[in-house]
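> Here is my input; please provide its structure:
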Amino acid sequence: MKKLQLLTVLIFTATLLISSSLFAISPSTKTAAKDINQIEENLLNGLASENYGLRTSTAYFLGEYKTAKSVIPLMKMLHSEKDESGRILAALALIKIGDSRGVYAVKQAAKFDDSKRVQRLCRIFYNAYLYGEVNN
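Predicted coordinates for the structure are as follows:
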């Protein structure tokens with residue numbers, strides 16, 4: 001059962017990464033601010049969904065868009081998500097956004113999260129942030 005879940009998560013992540021690179025909005029694309037605001041609102045709505053896959057994928061994209069409005073909902077996800085992978089994605093998105101509140105939440109999760117895996121990855125994300133390696 002766990003192998004099936006792991007395989008599902010790996011397939012989902014690979015699909016997500018491939019699709020994000022195919023459909024990513026580059027900085028050179030002239031997208032109206034209204035469109036970006038609509039995208040951010042849709043992603044924030046997805047983060048509040050009951051669907052785990054939708055929550056995790058929107059957390060990833062909020063980190064890619066560096067949406068400052070999503071810091072508080074992502075911090076909530078980091079603290080309350082039952083699944084380790086969801087908390088890890090929330091931590092990664094918070095580090096990519098770079099807001100001091102989110103970075104501090106990841107630092108605290110590296111010390112106090114119930115899962116050793118989440119603690120280890122949060123520590124890696126936080127150290128990468130400190131050394132300026134997050135967006136390179």
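> what's the neighbour count on residue 50?
6 (other C-beta atoms under 10 Å). All C-beta spots, glycine's among them, are computed from the backbone N, C-alpha and C.
> Show me what the helix or strand where residue 110 lies packs onto, helices and strands only.
Per DSSP states H and E: residue 110 is located in helix 100-112. In terms of contacts (3 or more C-beta pairs under 8 Å, 6 or more residues apart in numbering; DSSP states H and E), helix 100-112 is packed against helix 71-80, helix 84-97, helix 116-130.
> who wins for proximity to residue 64 among those?
If you check each of the helices and strands packed on helix 100-112 against residue 64 by C-beta to C-beta, helix 84-97 wins as the nearest, at 6.9 Å.
> ok, and the closest non-adjacent residue to the most centrally placed residue in the chain?
Using C-alpha atoms, centre = their mean, the residue of the chain that lies closest to the mean C-alpha position is residue 93, 3.1 Å off. Among residues not flanking residue 93 along the chain, residue 63 sits closest, at 3.0 Å (C-beta to C-beta, 6 or more residues apart in numbering).
> what's the distance between that neighbour and residue 34?
As judged by C-beta to C-beta, to the nearest Å, residue 63 and residue 34 stand 22 Å apart.
> Looking at these two now, which is surrounded by more residues?
residue 63 (23 against 8).
> Can you give me every residue that contacts that one?
Residue 63 makes contact with 74, 89, 92, 93, 94, 95, 96, 97, according to C-beta atoms under 8 Å, 6 or more residues apart in numbering.
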